[in-house]
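# what's the 3D shape of this:
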Amino acid sequence: MKNFFILFCLTINVFVFADFKDFGYKPLREKIKYKEDFFRLYNIWLYKDLDSISRNIYFLELAYVVSFDHPIRALVPITNEIQYERYKNILMMHITLMLTKEYIDYAYMYVKENIYFYNEEFFKDYLDGYDIAEHYLKCALKYWEEALNFARNADNIKGYRVELEYMEDELYRIKINDLNYEKIINNLMSRINRNREKIKNFQNK
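The predicted structure follows:
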């Protein structure tokens, strides 16, 4: 009971006589304006939805257009100009690869996989969704083509590796055609067109 009374008195003194400015300080927020800053805002979600995917796309597209930070604040230690050129190309390759993947995931949210005759009342909604999905798949294909260009540019800079192993692995997989988002995009487009035909056949009956 005595300890409680002492604690109560101390608490009262803090609120009556102390100024909250005395307790530490609030650091100024750092401005987010460089490619590396927006890249770090990308999140991997356990369960994706339209909001989480669009959030990632928003920050990745900002990362795509803004400038690089000073080399001393790069994601890895930079020792010379040639290594820095490889770093810039390999990071842009990775950003465009992630944009490709996010746009594919976004498109898939609008795709109804299986079409049955009893879905007739939703046929228009399905067709509208396929149009939206097709638009986002075209965006994905555009970024995939850019990723290939950045990968080629990075691969042409020989003798240096960037200490971002997973990005170097992506570059190697692109070179051996083990990573090919164009196949995934074309496969999804063919499934969309197949379902369009299926709906058309149901409507003609």
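
# Just give the closest residue to the residue nearest to the spatial centre of the chain, not the sequence neighbours.
Central residue of the chain (CA atoms, centre = their mean): N56, 4.1 Å from the mean position. Closest residue to N56 in three dimensions, ignoring its sequence neighbours and counting by CB to CB, 6 or more residues apart in numbering: E102, at 5.1 Å. Glycine gets a C-beta too; all of them are placed from N, C-alpha and C.

# got it, and F150?
M93 (3.8 Å).

# Name the SS class of that neighbour, please.
helix (DSSP: H, G, I helix; E, B strand; the rest coil).

# now D169: how far from K175?
11 Å (CB to CB, to the nearest Å).

# ok, now D69?
D69 is 28 Å from K175, by CB to CB.

# Who has more neighbours out of those two?
Neighbours were counted for D69 and for K175 using other CB atoms under 10 Å; D69 has more, 15 against 12.

# Does I157 fall in a helix, a strand, or a coil region?
coil.

# Got the confidence number for V162?
Taken from the predicted model, the pLDDT recorded for V162 is 75.

# Quick one: neighbours of it, just the number.
Around V162 there are 23 residues (other CB under 10 Å).

# Can you give me the distance of it to E120?
Applying CB to CB to V162 and E120 gives a distance of 54 Å.

# and if you look at R161?
Here the criterion is CB to CB. By it, R161 lies 57 Å from E120.

# What strand or helix carries R196?
Assigning secondary structure by DSSP states H and E places R196 in helix 181-204.

# got a list of contacts for that helix?
Identification of contacts with helix 181-204 by CB atoms under 8 Å, 6 or more residues apart in numbering yields 97, 100-101, 104, 107-108, 111-113, 115, 117, 120, 123, 126-127, 130, 133-134, 137, 140-141, 144, 147.

# Just the residues you listed: which are in helices?
97, 100-101, 104, 107-108, 123, 126-127, 130, 133-134, 137, 140-141, 144, 147 (DSSP state H).

# which residues does E134 contact?
Residues near E134 by CB under 8 Å, 6+ apart: 107, 189, 192.

# out of the residues you listed, which is most surrounded?
Neighbour max across those (other CB under 10 Å) = A107, 25 neighbours.

# Quick check: closest non-adjacent residue to L141.
Nearest one to L141, counting by CB to CB, 6+ apart, is I185 at 5.3 Å.

# likewise I90?
Closest to I90 by CB to CB, 6+ apart is A154, at 4.4 Å.

# Check the one you found and give its pLDDT.
If you check A154, the pLDDT there is 93.

# Can you list the buried residues in the helix or strand harbouring it?
Assigned by DSSP H and E, A154 belongs to helix 123-155. Buried residues in helix 123-155, defined by neighbour count with 16 or more other CB atoms under 10 Å: 123, 126-127, 129-130, 133-134, 136-137, 139-141, 143-144, 146-148, 150-151, 153-155.
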